[in-house]
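K.L.:
Here's my sequence, what's the structure:
(one chain, ligands or ions: 1)
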Amino acid sequence: MKKSSLVLFPILVLAVLSMAVYPAPPKAKSVKYSKKVDAVIKAKCFGCHNSEGKAKKAMAKLKWDELTGLDQAEQLEKMKNIVGVLEKGSMPPARMVEKKPEMKLTDKETAILKKWSAKYSRKLSK
Ligand code: HEC
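P.N.:
Numbers count the residues shown, from 1 in each chain. As a prediction, the model looks like this:
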């Protein structure tokens, strides 16, 4: 064996061992939006559910602009709530839809959000 490899070998062993002892922490998962999903949310949900909003009750439940900053477990909780309101068809609230029928989610928009929220409910629970 060459002298240089005698020096390098123990360093290599140590490097491999330290990787085994200190595995990289698992990356926290986060919700992502496709353009399609983002467009629906901006049009039909964001107005009430954002950190600059005036609807205190809506803000307490969900702020889209702060969603991805939450930790994984909290994001999962929010996604489950979103799945819930989509199942019930309860958002946007009936009061608003009565005043502005154009705010109602179309079947296509509901399908887009359902698919997305189901996907992230699965992803974030792992
Ligand atoms: C007109 C304002 C308004 C719009 C638009 C709106 N929301 Fe809400 N949302 C509210 C209010 C107010 C509450 C709180 C209801 C309560 O506490 O009874 C709420 C609550 C929620 C909750 C929490 C429900 C729970 O079970 O805790 C979710 C999730 C939600 N909204 C999702 C959405 C989604 C998705 C959209 C778009 C499709 C949307 N909201 C559009 C006003 C709005």
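K.L.:
Just the pLDDT at the most centrally placed residue in the chain, thanks.
P.N.:
In the chain, the C-alpha nearest the mean C-alpha coordinate belongs to Val31, at 2.1 Å (C-alpha atoms, centre = their mean). The model reports Val31 with a pLDDT of 96.
K.L.:
Now do the contacts for it.
P.N.:
67-68, 75, 79, 120, 124 (C-beta atoms under 8 Å, 6 or more residues apart in numbering). (Glycine included, C-beta is placed from N, CA and C.)
K.L.:
ok, so of the residues you listed, who is nearest the ligand?
P.N.:
Met79 (8.8 Å; C-beta to the nearest ligand atom).
K.L.:
these two touch, right, the closest one and Ser121?
P.N.:
Yes. With contact taken as C-beta atoms under 8 Å, Met79 and Ser121 are classed as touching, separated by 4.7 Å.
K.L.:
okay, these two: which has more neighbours?
P.N.:
Comparing Met79 with Ser121 by neighbour count (other C-beta atoms under 10 Å), the higher total belongs to Met79, at 22 against 18.
K.L.:
which stretch of helix or strand covers that one?
P.N.:
Assessed by DSSP states H and E, Met79 sits inside helix 72-88.
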